[in-house]
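> Need coordinates for the following:
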Amino acid sequence: MRLLQRLAGLFILMMCGAVFAPGVQAAEKTYAVLPFSVNGPQEYQYLSKGLQDMLSSRLYWKDNARPMAQLPADLPPAKDLSPEKGRELLARLRADVLVWGSVTVMGNDASIDLRVVDAKGGSWPQSGTVKLDNLIPSLENISRKLSAEAFGRTSSPAPATGTAGAPAGGGGGKGEMVNAMNPALVHNEADQNKQFFLNPQFRYAGDAQSEGRMRSQSLPFASVGMIADDFNGDGRRDCAIIDDTRVYAYRFDTDMTLRQVAVYQAPVSLQNLRISAIDLNGDGRKEIVVSAVRITSAGNRDKYEKYEPRSYVLSFDGQKFTLLKHDIKYFLSVINTPPRFEPKLYAQKQGRQKLFEKGIYEAIPTATGFDLGPRLFAPDQANVFNLGYLPQPDGYKILVVDKDDYILVFTDTGERQARTDKPYFGSFVGMFEDMMPEGFEDEVLMRDKYYIPMRLTTFNIDGDDRHELLVNRPISMAAQFFQRYRYFPQGEIHSLYWDGVGLNLVWKTRSIKGSVVDYGVADINNDGITDLYVLVNTHPGALGIQNRKSIVLVYPLDLSSTSTTVGQEFTDEPVSRLHQE
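Alright, predicted model coming up:
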């Protein structure tokens, strides 16, 4: 009898412990989001998969809610599902929650109709009409509501901490706090529920001596471009910087001083456009490829300039430059192309009436120059300078910068999907877009100038299969009134990612004084830490353009603990840790 009483008492204690023990976690739920039904012009059909991916990622809640690993191929269209059929499909999928819906696009308006059912019979319809530009923020709000109703999520994850344990972000207000991978970077301005290292009202503010940013000394020339790579095979990176007619080799000393090692003087009739690096012969050493043009006057007016491609290739042995190829009659640039996204050199001919002839071709090295190899698949608007590829989990996006510096996004089949709502880059390196017809050289004609955009730099910060895009966002009051204004007094480096509908902001630098010229991601000073480097021309004012100098800014990045996916705000870990100097 006593034994039975003891066992009964032990059972009661165990039941009480199961009820009241802290930290006991409910079983993780699974959910399925179906492709959206899209009613509207053909150009918006990409929203079907894009909205599905976005909503699926936003509903993720670590250890509580996760999407199904794979959906069957024979799913019924979302437009054919009623709540009753939705529950039948939910039972078939053996998931806990099913989400489907439609979006109707009419002009600049988008109407959203969303249906959600769970295995217990619950249903949460959501609908509304918003401006097309506000579609993503609206889905953010909807995803939060669904997460609360379907999974019981009533609060945001615990805030992360910033530098030295202090809260990341300033200014009052509640909301999730975030880390950045460097204290000089501002994280995810697009999410209004998060705080920032820098108050977004002070967008143009920035401390040149802020922690997390280093700078070189001023170099006595205005630069055009820069690349940091291993040019002589010793495992260390050197910096190759170009101005209008010269190529400089620099190396960082331990005190962040750039020490000049060599200089190459091209013919003064040339204008350097872009510098690239690639191993052309497979010997483990990167050759330096400079795309350049020869400028000649057409007729009696110097302003009517003619441009003829005259690119050249150099090698650098750690001490001096050697000219390998010259007088190459192609525009040249290195592009990371699918399917492996490895760098390849591409060439393009000059057009007869326009600056570029259609067709971008792989450049095949010969003894003295290059032959044209296979043609690269690219949209009609693309040229060898404005084209890039953004790897994605299900393939890639094709990126093209239009002549007004907006980024166009295409599918891998060439279908246009999106255009950024603001211009980027702001390069000052330009050429007249049209060729002057014979016999019109002395006429007073208005000619448009084409400005070569800065390189489309993509990189993978968090180790997943989705890459981010680095761009410069120029800042100038004068540019708001003069469309072709090019000498920007400030800039910001933005990191963008494809969120299923458009390119969205992940993080950005604080404002940079001066005109951004080039940038990249590499261990530029050979200290074992990956850096974001930015080449800047100083801005002495509109009347002092000829006195510009060059500076290299370095932002050390700590990428050692990136364990989350960029863009998934509902995660419990920070995107990355701060690098402490």
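
> Stretch 508-524: how far from the chain's middle?
A distance of 13 Å separates the centroid of the chain from that of stretch 508-524, by CA atoms, centre = their mean, to the nearest Å.

> then it to CSV, C-alphas only?
Listed next in CSV are the C-alpha coordinates belonging to stretch 508-524 (Å, rounded to 0.1, in the frame of the first residue of the first chain):
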residue,chain,number,x,y,z
LYS,A,508,24.9,50.5,-45.4
THR,A,509,27.9,52.5,-44.4
ARG,A,510,27.7,55.8,-42.6
SER,A,511,28.0,58.6,-45.0
ILE,A,512,31.4,58.9,-46.7
LYS,A,513,32.9,62.4,-47.4
GLY,A,514,34.0,62.6,-51.0
SER,A,515,33.1,61.0,-54.3
VAL,A,516,33.1,57.2,-54.2
VAL,A,517,35.1,55.8,-57.1
ASP,A,518,35.3,52.0,-56.6
TYR,A,519,34.9,49.4,-53.9
GLY,A,520,35.3,45.7,-53.2
VAL,A,521,35.5,42.9,-50.5
ALA,A,522,39.0,41.4,-49.9
ASP,A,523,41.7,41.2,-47.2
ILE,A,524,43.2,44.3,-48.6
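
> Buried residues, that stretch. List them.
508-512, 514-524 (16 or more other CB atoms under 10 Å). All C-beta spots, glycine's among them, are computed from the backbone N, C-alpha and C.

> where does the stretch 451-581 of the chain have low pLDDT?
461-465, 476-486, 541-546, 558-581 (pLDDT under 70).

> so where's the stretch 51-200 of the chain shaky on pLDDT?
The stretch 51-200 of the chain contains residues with pLDDT under 70 at 133-134, 137, 154-200.

> Can you give me the end-to-end span of stretch 331-343?
16 Å (CA to CA, to the nearest Å).

> which residue ranges form the helices in the stretch 251-400 of the chain?
Using DSSP state H, counting those that start in this stretch, no helices are found in the stretch 251-400 of the chain.

> Please, where are all the strands along it?
Counting by DSSP state E, counting those that start in this stretch, the stretch 251-400 of the chain has strands at residues 258-265, 270-278, 287-298, 301-309, 311-316, 321-328, 331-337, 342-348, 361-365, 370-375, 387-392, 395-401.

> May I see the buried residues of the third one?
Yep, that's strand 287-298 we're talking about. For strand 287-298, a neighbour-count test (16+ other CB under 10 Å) marks 287-293, 295, 298 as buried.

> out of those, who's nearest Tyr46?
Nearest to Tyr46 out of the buried residues of strand 287-298 is Ser291 (CB to CB; 33.1 Å).

> From Pro393, how far off is the residue most central in space within the chain?
With distances taken as CA atoms, centre = their mean, the chain has Leu469 as the residue nearest its mean C-alpha position (1.4 Å). Plainly put, Leu469 is 16 Å away from Pro393 if you go by CB to CB, to the nearest Å.

> Using the three-state scheme, assign Glu149.
What DSSP: H, G, I helix; E, B strand; the rest coil gives for Glu149 is helix.

> and the closest residue to Val99 other than its chain neighbours, how many neighbours?
Residue nearest to Val99 in three dimensions, not counting chain neighbours: Val33, with 4.5 Å by CB to CB, 6 or more residues apart in numbering. Val33 has 25 neighbours, counted by other CB atoms under 10 Å.
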